[in-house]
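Student: My questions concern the predicted model and sequence given below.
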Amino acid sequence: MYKSIVNYIKSIYIQTEGFIPLHEPRFRGNEKKYLNECIDSTFVSSVGKFVDLFEQKIAEFTGAKYAVAAVNGTAALHIALQLAGVKQDDEVITQPLTFIATANAITYTGAKPVFIDVDKDTMGLSPEKLRAFLEEKTTNKSGETYNKLTNKKISAVVPMHTFGHPAKIEEIKQICDEYNIALIEDAAESLGSFYKDKHTGTFGLIGTLSFNGNKTITTGGGGMIITDNEKLAKLAKHLTTQAKVPHKWNYEHDYIGYNYRLTNLAAALGVSQMEQLSAIIKSKRELAIKYKAFFTNTDIKFFEEPTDSQSNYWLNAVLLKNREERDKFLQYTNENGVMTRPIWELMNRLPMFKDCQVENIENSEWLTDRVVNIPSSVV
Ligand SMILES: *Cc1c(COP(=O)(O)O)cnc(C)c1O
């Protein structure tokens, strides 16, 4: 049966000779033109028209009032957490089933992650599990939420929209509001994904995006902070540009800032990629429909977008029967010219996060044994 899957995927990517990668970028628009323009202008670094234009295009597309470009998605998330007021020795709730960057960015602030389970139908943070944890294991101290076990303040919740499939973000937002905890959405994988017609990353206080080489669109490396809060947007720009006080020649700084601004060169790619975003999403959704139809006739389950959602289908995912079948599938496909990859190892199983608090994470454990990504580049 695995042979027919490999053949099917090869038939989709007819133009690809040899090994079929999991996700490769496509540069079919004005990339070279804008890059040349950028080089000719000499504005190749963090000042230039493409950075501003890229920010505008992201704000327009997502419906966020403000967008601030960053050097990558991890840096964007680091800044977002700082802006939300996450401090040394706080705790931040996130899911154990995510890419390492989510947990790393939390750690950069000096806070510690607490891992709460995901839902099986979204692979994103479970509102039920989040509520149960907050009800049973936390206490309210002058309007703020503290972990009863550690006596630490819980200052943010960071759900992640896995592979572009929106989490139940409205419910999560409701719970965060009730407990007065900042909601920061890691929307690195979900540019072009909507929950009830609202773009992912725009539900909470701040959302962050990534334009790494394997993401839906790419700037080589890049990220974005999106928010409706003007004050936070201004501070985001300030912090990502070394917190330099604006002046024609003086070098004065008023915070510990970061060299986190996206370069104009990278943004030139981004502007061109944004011009193609609608076509990219359309193609990715068409591919998902094809995969869905194909896998209906197999005993492998294709992971479909959750209800109330429109997914960008960044990385298509299938569910194998168990870990053993998963490993057989991975081995066969990778040995036969089709790149596939298991979902991430759970964060709480990694050495750096072994001592973090973990609640009952049976869904995450179930998914990490079974989920495999299959080739998802734009055809
Ligand atoms: C890609 C990604 C990021 C950010 O990645 P960068 O490579 O730093 O742009 C963050 N979180 C998740 C879940 C991601 O997939």
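Tutor: Here it is on my side, so go on.
Student: Every contact and neighbour count from this point should use C-alpha atoms.
Tutor: OK.
Student: Distance check, Asp121 against the ligand.
Tutor: Applying C-alpha to the nearest ligand atom, to the nearest Å, the value for Asp121 to the ligand is 17 Å.
Student: show me what contacts that residue?
Tutor: Residues counted as contacts of Asp121 (C-alpha atoms under 8 Å, 6 or more residues apart in numbering) are Pro306.
Student: contact partners of stretch 199-210?
Tutor: Stretch 199-210 is contacted by residues 62-64, 72-74, 76-77, 80, 84, 161, 166, 169-170, 173, 182-194, 218, 221-229 when judged by C-alpha under 8 Å, 6+ apart.
Student: Then stretch 342-358?
Tutor: Contact with stretch 342-358 is made by 96-100, 103, 112-116, 326, 330, 364-365, 368, 370-373, as judged by C-alpha under 8 Å, 6+ apart.
Student: circling back to that earlier point, keep only the contacts of stretch 199-210 that also lie close to the ligand.
Tutor: Among the contacts of stretch 199-210, the ones lying near the ligand by C-alpha under 6 Å from any ligand atom are Asn72, Gly73, Thr74, Asp186, Ala188, Glu189, Gly222, Gly223.
Student: What sits closest to the third one if chain neighbours are left out?
Tutor: In space, and not counting its chain neighbours, Thr74 is closest to Ala101: 5.6 Å by C-alpha to C-alpha, 6 or more residues apart in numbering.
Student: Could you report the neighbour count for the one you found?
Tutor: 16 (other C-alpha atoms under 10 Å).
Student: what does the one 10 residues further on give?
Tutor: Using other C-alpha under 10 Å as the criterion, Ala111 is surrounded by 24 other residues.
Student: from what I can see it touches Thr94, true?
Tutor: No: applying C-alpha atoms under 8 Å, one finds Ala111 not in contact with Thr94, separated by 11.8 Å.
Student: if I look at Ala80, how far off is the ligand?
Tutor: 12 Å.
Student: And the helices in this protein?
Tutor: 2-12, 31-41, 49-62, 73-83, 100-108, 127-137, 169-178, 230-240, 264-275, 277-296, 323-335, 362-368 (DSSP state H).
Student: Asn214 is nearest to which of these?
Tutor: helix 73-83 (12.2 Å; C-alpha to C-alpha).
Student: what does the stretch 151-300 of the chain put close to the ligand?
Tutor: Residues of the stretch 151-300 of the chain lying close to the ligand by C-alpha under 6 Å from any ligand atom are Asp186, Ala188, Glu189, Ser210, Phe211, Asn212, Gly222, Gly223.
Student: Name all residues that make contact with the third one.
Tutor: By that I understand Glu189. Taking C-alpha under 8 Å, 6+ apart as the test, what Glu189 contacts is His161, Thr162, Phe163, Gly164, Leu209, Ser210, Lys215, Thr216, Trp314.
Student: coming back round to it: tell me the buried residues within the ones next to the ligand among the contacts of stretch 199-210.
Tutor: The neighbour-count test (16 or more other C-alpha atoms under 10 Å) applied to these identifies Asn72, Gly73, Thr74, Asp186, Ala188, Glu189, Gly222, Gly223 as buried.
Student: quick one: buried residues of the worst-scoring helix or strand of the chain on mean pLDDT?
Tutor: The helix or strand of the chain with the poorest confidence is helix 2-12; it has a mean of 95 (mean pLDDT, DSSP states H and E). Residues of helix 2-12 classed as buried: Ile5, Val6, Ile9, Lys10 (neighbour count, 16+ other C-alpha under 10 Å).
Student: ditto for stretch 238-256
Tutor: His238, Leu239, Thr240, Thr241, Gln242, Ala243, Lys244.
Student: Only alpha carbons, please: show it as CSV.
Tutor: Extracted C-alpha coordinates of stretch 238-256, given in CSV (Å, rounded to 0.1, in the frame of the first residue of the first chain):
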residue,chain,number,x,y,z
HIS,A,238,11.5,50.3,19.2
LEU,A,239,12.7,47.1,20.9
THR,A,240,13.5,45.4,17.6
THR,A,241,15.7,48.3,16.5
GLN,A,242,18.1,48.5,19.5
ALA,A,243,15.7,50.9,21.3
LYS,A,244,17.3,53.9,19.7
VAL,A,245,15.7,57.2,20.5
PRO,A,246,14.9,58.8,17.2
HIS,A,247,17.4,61.5,16.3
LYS,A,248,19.3,62.5,13.1
TRP,A,249,22.7,61.8,14.5
ASN,A,250,22.7,61.1,18.3
TYR,A,251,23.1,57.6,19.6
GLU,A,252,20.9,57.3,22.6
HIS,A,253,19.0,54.3,23.8
ASP,A,254,16.3,53.9,26.5
TYR,A,255,15.8,50.2,26.8
ILE,A,256,17.8,47.0,26.5
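Student: List of residues touching that stretch?
Tutor: Residues contacting stretch 238-256 (C-alpha under 8 Å, 6+ apart): Ala70, Ile79, Gly257, Tyr258, Asn259, Tyr260, Arg261.
Student: May I have the beta-bridge partners of Val114?
Tutor: Residues in a beta bridge with Val114, per DSSP bridges, are Ile93.
Student: OK, contacts around it?
Tutor: Shown in contact with Val114 (C-alpha under 8 Å, 6+ apart): Glu91, Val92, Ile93, Thr94, Gln95, Cys356, Gln357, Val358.
Student: List the residues that contact the third one.
Tutor: The contact partners of Ile93, by C-alpha under 8 Å, 6+ apart, come to Pro113, Val114, Phe115, Ile116, Ile154, Ala156, Val157, Val158.
Student: So what's the residue count around Glu55?
Tutor: Neighbour tally, Glu55, other C-alpha under 10 Å: 22.
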